[in-house]
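1. pasted the sequence and its predicted model underneath.
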Amino acid sequence: MPAPTPYQFSFNGLSFGAGTPYAILDIDGLESLPGLRVQDDNRGFNDGTFSGRDFYDGRTIVFTINTFAGNGNTAQQNYNLLQAALLPQQQNTQALTWLLSYSDSVSTVQARVRQNKTMVNVDYVAGKIVSQWVFYCPDPRYFDITPQTIALPYTTPQGRTYSKTFSYNYLGGATVVIGYGTNGGRVNAGGVITITGPIDTPIIGNTTSGLFLTLNTVLASTDTATLDLTNKTVTITSSITGLTTNARNLLLNGSSWFDVQPGLNGFSFQGGSIVVGTTSASITFSNAYI
């Protein structure tokens, strides 16, 4: 549920923040950089370290919320609703959405509640319930809530014809569909690729990064292959049985998972045994931030 007004958040069907009985006193970890996982190693009997790569760790967001009476409920009743919506989870995540100002887009991050601290005191009894809620986000990136989809259909005329062999395994004279999309965020985004048959050995790539994925399979008419660039999974759904099966083992050697980089990205799509008007691919992603 998107947050409709500035400084309002939504999670698990409940809105809190501006315009609700849940006043947000402060938020820690939302606009800050998440922690780092570093691969530096010590130099043994020498000073300093060998410099490795840095990776962002999961993001922790801490809300301090003042719950009061409103919407026809007492403060305690509203607090019970808050507790029900922000119930700690053992696994999986849900969308936490927000809008900080009218100049921003509605943003979202996948999160789960890990902790609640509430002090019971004279203010609690008087209807001023201050509580602290800890959200954990395994993926520290947050995204614009509205995704964009770049279509790569085989239509007439069919894309572009190349007369030489490229690093993408573009065969001489092969028909390659090219599309472009822009990640307006500040960091690499994942995305979901959808390929619809018929097609033999589909190849889809990011021409900006030079990386591509090749599936060693034949998709029948309207069979669908789904490649999740974030979670690095491949599934195929049969148009006949409707069953979805894991198919990551069908990736050919030389395939490399790619991201949607900040700025303009080019995407390529090709394969054999295509049918114009039926065979197609698309990539869906959202602007990503850290």
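-> Arrived safely.

2. which residues touch the closest residue to Ser286 other than its chain neighbours?
-> Among residues not flanking Ser286 along the chain, Phe143 sits closest, at 3.9 Å (CB to CB, 6 or more residues apart in numbering). The way it works is simple: take the backbone N, C-alpha and C, and place the C-beta from them, glycine included. With contact set as CB atoms under 8 Å, 6 or more residues apart in numbering, Phe143 has these partners: Ser107, Thr108, Val109, Gly185, Ala189, Ser286, Asn287, Ala288, Tyr289.

3. how about a cut-off of 7 Å?
-> Counting by CB atoms under 7 Å, 6 or more residues apart in numbering, Phe143 makes contact with Ser107, Thr108, Ser286, Asn287, Ala288.

4. is the nearest residue to the first one once chain neighbours are set aside in a bridge, and if so with what?
-> Closest residue in space to Ser107, ignoring its immediate chain neighbours: Tyr142 at 5.0 Å, by CB to CB, 6+ apart. Beta-bridge pairing of Tyr142, defined through DSSP bridges, involves Tyr289.

5. next one: Leu152
-> When bridges are called by DSSP bridges, Leu152 pairs up with Ala281.

6. against Ile178, how distant is it?
-> As defined by CB to CB, to the nearest Å, Leu152 lies at a distance of 8 Å from Ile178.

7. of the two, give the one with the bigger neighbour count.
-> The residue with more neighbours, out of Leu152 and Ile178, is Leu152; 22 against 13, by other CB atoms under 10 Å.

8. so the more buried one makes contact with Phe269?
-> Yes - with contact taken as CB atoms under 7 Å, Leu152 and Phe269 are classed as touching, separated by 4.1 Å.

9. which residues do these two both contact?
-> For the pair Leu152 and Phe269, residues contacting each of them under the criterion CB under 7 Å, 6+ apart are Val177, Ala281.

10. quick one on the thing from earlier: in TSV: the contacts of Phe143, plus secondary structure, neighbour count and pLDDT.
-> Supplementary listing: those in TSV, determined by DSSP: H, G, I helix; E, B strand; the rest coil; neighbours: other CB atoms under 10 Å; pLDDT from 0 to 100:
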residue	secondary structure	neighbour count	pLDDT
Ser107	strand	21	96
Thr108	strand	20	97
Ser286	coil	23	98
Asn287	coil	22	98
Ala288	strand	24	98
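
11. turn those into a markdown table, including distance to Ser101.
-> Below are the contacts of Phe143 laid out as a markdown table (distance: CB to CB, whole Å):
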| residue | distance to Ser101 |
| --- | --- |
| Ser107 | 11 |
| Thr108 | 16 |
| Ser286 | 19 |
| Asn287 | 17 |
| Ala288 | 19 |
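
12. for this structure, which residues score under the pLDDT cut-off?
-> Flagging of the chain using pLDDT under 70 yields the residue ranges 1-4, 156-174.

13. longest helix of it, counting residues only.
-> In the chain, taking DSSP state H as the definition, the longest helix is helix 75-85.

14. so after that one, what's the next helix or strand?
-> Under the assignment DSSP states H and E, the closest C-terminal helix or strand after helix 75-85 is strand 94-99.

15. that following strand packs against which elements?
-> Contact analysis of strand 94-99 by 3 or more CB pairs under 7 Å, 6 or more residues apart in numbering; DSSP states H and E lists strand 8-11, strand 107-118 as its packing neighbours.

16. so what does the last one touch, helix or strand wise?
-> Using 3+ CB pairs under 7 Å, 6+ apart as the contact definition, the elements that strand 107-118 packs against are strand 94-99, strand 129-137, strand 142-144.

17. for Leu81, find the nearest of those strands.
-> strand 129-137 (11.7 Å; CB to CB).

18. pairing partners for the closest one, with directions?
-> According to DSSP bridges, strand 129-137 forms sheet pairs with strand 59-67 (antiparallel), strand 107-118 (antiparallel).

19. tilt between that strand and strand 94-99?
-> Between the direction of strand 129-137 and that of strand 94-99, the angle (axes from the mean of the first three to the mean of the last three CA atoms, to 10 degrees) works out to 110 degrees.

20. strand 129-137 to helix 75-85, inter-axis angle?
-> Regarding strand 129-137 and helix 75-85, their directions subtend 10 degrees when assessed with the same axes, to 10 degrees.

21. pull the CA atoms of strand 129-137 into CSV?
-> Presented in CSV, the C-alpha positions along strand 129-137 are these (Å, rounded to 0.1, in the frame of the first residue of the first chain):
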residue,chain,number,x,y,z
ILE,A,129,2.8,5.3,24.0
VAL,A,130,6.3,5.5,22.8
SER,A,131,7.8,2.4,21.1
GLN,A,132,10.8,1.6,19.0
TRP,A,133,10.6,-0.8,16.1
VAL,A,134,13.5,-2.4,14.3
PHE,A,135,13.2,-3.5,10.6
TYR,A,136,15.8,-5.6,8.9
CYS,A,137,16.2,-5.3,5.1
